[in-house]
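In: using only what follows, build the 3D model:
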Amino acid sequence: MAIFKGFRAFRPSAKLQSEIPALPYDVMNSSEAREMVKDNPYSFLHIDRAEIDLPEGTDPYCDDVYKKAKENLKRLENTGALIQDDSPCFYIYRQIMNGREQVGIVGCASIDDYKSNVIKKHEHTLAKKEIDRINHVNTCNANTGPIFLTYKNKKDITDIVNAWMDSHPCVYDFVQDSVRQTAWIIDDNYTVSRISQLFSQVDAMYIADGHHRCASAVKVGEMRREANPNYTGQEEFNFFLAVAFPDNQLEIMDYNRVVKDLNGLSDYEFIDKLKEKFVVTKCDGQFKPNKKHTFGMLLNNQWYSLKAKDCIINNNDPVARLDVSILQDNVLAPILNITNPKTDARIDFVGGIRGLGELERRVQNDMHLAFAMYPTTIDELMDIADAGMIMPPKSTWFEPKLLSGMFIHHLS
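Out: Below you'll find the predicted structure:
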């Protein structure tokens with residue numbers, strides 16, 4: 001059963017509610033982050049991407065960057081830009097994007113639940129990215145970016161959240177990048193206890209986004225345990241910052257592919273090979289798939305629809321039947337010789353938030369071919385995690401992104 005508890009968050013003062021929170025560190029590069037924080041000394045990117053406060057060209061993984069992050073975090077805390085609540089609380093975090101609402105509870109999850117697979121994963125992590133966040137969390141002594149968790153909707157939890165929002169004023173309410181961000185503090189001891197009790201009845205929680213941050217937070221907790229052999233299990237380093245959303249409120253967007261060349265084939269030869277496993281149809285304009293096992297393809301300024309033939313759909317395997325797997329196993333690897341999409345420079349990935357127009361732009365500028373995907377579903381994600389299996393790279397794209405800097409969890 002899941003452990004989910006309240007905590008004493010450091011969070012922005014009301015007057016800086018829209019100045020401090022920032023997009024996650026891994027959705028932009030250093031130069032983009034430098035541009036984003038111009039004229040904003042409060043942006044949380046000064047903590048999450050502290051190299052922006054050091055000379056250009058600074059190695060983002062060097063010790064000076066992590067020390068600068070700690071310094072910047074302490075500055076916000078010591079000046080009152082970040083304030084800390086007096087007692088452990090849960091926090092409600094609502095996001096509204098394009099009219100769609102998702103409401104999560106901000107709290108702390110257990111590193112033991114991650115280790116025992118109560119918190120389930122669906123992606124592999126990369127050692128280099130883990131080491132970066134381990135150093136960042138350990139040096140800052142804080143989880144600065146929340147892990148995006150989901151769970152199978154539990155009505156009792158939703159009822160408490162809705163009742164609290166209806167009866168209490170929010171503490172934050174602002175718009176950033178066209179997303180309305182609103183938060184409430186649940187500071188009633190009975191309600192905090194009741195929410196924890198209800199989560200203890202949840203069989204599993206699933207990492208929707210933030211596998212690297214989660215794995216890193218767990219490893220820092222293990223390091224702290226080794227340094228404190230008499231730990232009780234109740235110390236804050238045994239827990240990590242997370243936002244838990246019911247599964248019925250989440251939407252996964254398409255995660256599209258662009259490819260640099262046809263592996264030596266002509267357009268005609270490539271399409272001829274596709275026809276062995278797909279029904280290929282020319283389209284009058286853009287084609288955005290509206291059901292599973294169909295794909296949009298842009299080649300030489302012409303859009304096509306591809307429908308997978310039954311012979312290549314393996315309904316007995318939750319990973320193999322994913323559309324991203326069907327494309328990888330029947331097109332990218334055997335025809336285009338892209339066997340490792342994680343490392344092959346001939347392929348790139350475009351989040352669905354950018355639309356089909358971005359695929360057209362890439363094909364016109366630096367790529368030869370694009371594939372528009374039908375989104376992976378939450379049920380597919382949960383089925384794969386429940387089976388202990390791993391999704392192919394770049395299978396899911398969640399929007400809106402959770403902001404960093406709205407809630408910070410200190411490890412001691």
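
In: surely Gln286 meets Leu356?
Out: Yes - with contacts counted by Cβ atoms under 8 Å, Gln286 reaches Leu356, the gap being 4.8 Å. (Each C-beta comes from the backbone N, C-alpha and C, glycine too.)

In: so for the two, which sits in the more crowded spot?
Out: Taking other Cβ atoms under 10 Å, Gln286 and Leu356 do not tie; Leu356 has more neighbours (20 against 14).

In: distance of the more buried one relative to Met373?
Out: Remark: distance between Leu356 and Met373 (Cβ to Cβ, to the nearest Å) = 11 Å.

In: now Ser30
Out: Ser30 is 29 Å from Met373, by Cβ to Cβ.

In: pick out whichever of those two has more residues nearby.
Out: Shown here are Ser30 and Met373; by other Cβ under 10 Å, Met373 has more neighbours (26 against 18).

In: buried set for the single longest strand found in the chain?
Out: Ranked by residue count and defined by DSSP state E, the top strand of the chain is strand 100-110. By 16 or more other Cβ atoms under 10 Å, the buried positions in strand 100-110 come out as Gln102, Val103, Gly104, Ile105, Val106, Gly107, Cys108, Ala109, Ser110.

In: could you do stretch 87-101 as well?
Out: Neighbour-count burial for stretch 87-101, counted by 16+ other Cβ under 10 Å, picks out Pro88, Cys89, Phe90, Tyr91, Ile92, Tyr93, Arg94, Gln95, Ile96, Met97.

In: kindly report the same for stretch 221-238.
Out: For stretch 221-238, by 16+ other Cβ under 10 Å, it's Gly221, Arg224, Arg225, Glu236, Phe237, Asn238.

In: now do the helices in this protein.
Out: Ranges of helices in the chain, per DSSP state H, are 30-36, 45-48, 63-78, 111-115, 127-140, 155-167, 189-199, 211-227, 267-274, 323-327, 355-365, 378-386.

In: surely Glu380 is in contact with Ala320?
Out: No - counting by Cβ under 8 Å, Glu380 does not reach Ala320; the two are 11.6 Å apart.

In: picking that back up, which of the buried residues of stretch 221-238 sit farthest apart?
Out: Arg225 and Glu236 (12.2 Å; Cβ to Cβ).

In: one step back: now for Gln286 and Leu356: what residues contact both?
Out: Common neighbours of Gln286 and Leu356 (criterion: Cβ atoms under 8 Å, 6 or more residues apart in numbering): Gly296.

In: who's more crowded, Glu380 and Ala320?
Out: Glu380 (21 against 16).

In: how much space between that one and Met391?
Out: According to Cβ to Cβ, Glu380 and Met391 sit 8 Å apart.

In: for Asn263, give me the pLDDT.
Out: What the model reports for Asn263 is a pLDDT of 98.

In: what's near enough to touch it?
Out: Residues in contact with Asn263, defined by Cβ under 8 Å, 6+ apart, are Ile335, Leu336, Asn337.

In: do the same with Pro169
Out: Applying Cβ under 8 Å, 6+ apart to Pro169 gives the contacts Trp184.

In: do you know the pLDDT at it?
Out: On pLDDT, Pro169 comes in at 98.

In: tell me, how many residues neighbour Val27?
Out: Val27 has 11 nearby residues by other Cβ under 10 Å.

In: quick check: pLDDT value at it.
Out: pLDDT, Val27: 86.

In: look up the closest residue to it, ignoring the ones flanking it.
Out: Lys401 (6.3 Å; Cβ to Cβ, 6 or more residues apart in numbering).

In: now Ala217
Out: Leaving aside its chain neighbours, Ala217 sits nearest to Phe240 (3.7 Å; criterion: Cβ to Cβ, 6+ apart).

In: what is the neighbour count of that neighbour?
Out: Using other Cβ under 10 Å, Phe240 is surrounded by 27 other residues.

In: surely Arg180 touches Gln95?
Out: Yes - in this structure, Arg180 is within contact of Gln95 by Cβ under 8 Å, at 6.9 Å.

In: the helices of the chain: which one's closest to Pro24?
Out: So among the helices of the chain, helix 45-48 is nearest, using Cβ to Cβ, at 7.4 Å.

In: report the distance from that closest one to the chain centre.
Out: How far helix 45-48 lies from its chain's middle: 18 Å, per Cα atoms, centre = their mean, to the nearest Å.

In: repeat that for stretch 4-14.
Out: That offset, for stretch 4-14, works out to 20 Å (Cα atoms, centre = their mean).

In: pull up the distance across that stretch, start to finish.
Out: 26 Å (Cα to Cα, to the nearest Å).

In: which parts of it are buried?
Out: So for stretch 4-14, counting by 16+ other Cβ under 10 Å, buried means Phe4, Lys5, Gly6, Phe7, Ala9, Phe10, Arg11, Pro12.

In: before we move on, the earlier item: quick one: distance of the longest strand of the chain to the chain centre.
Out: Distance, centroid of strand 100-110 to centroid of chain: 13 Å (Cα atoms, centre = their mean).

In: what angle sits between that strand and helix 211-227?
Out: With axes from the mean of the first three to the mean of the last three Cα atoms, to 10 degrees as the basis, strand 100-110 and helix 211-227 are set at 20 degrees to each other.

In: parallel or antiparallel, list what pairs with strand 100-110.
Out: Take DSSP bridges as the rule and strand 100-110 pairs in its sheet with strand 4-5 (antiparallel), strand 90-97 (antiparallel), strand 239-246 (antiparallel).

In: now do the first one, average pLDDT.
Out: Same thing as strand 4-5. 98.

In: next one: the second one
Out: Average pLDDT, strand 90-97: 98.

In: how close does the residue most central in space within the chain get to Pro55?
Out: Computing the C-alpha centroid of the chain and ranking residues by Cα atoms, centre = their mean puts Asp209 first, at 2.9 Å. According to Cβ to Cβ, Asp209 stands 32 Å off from Pro55.
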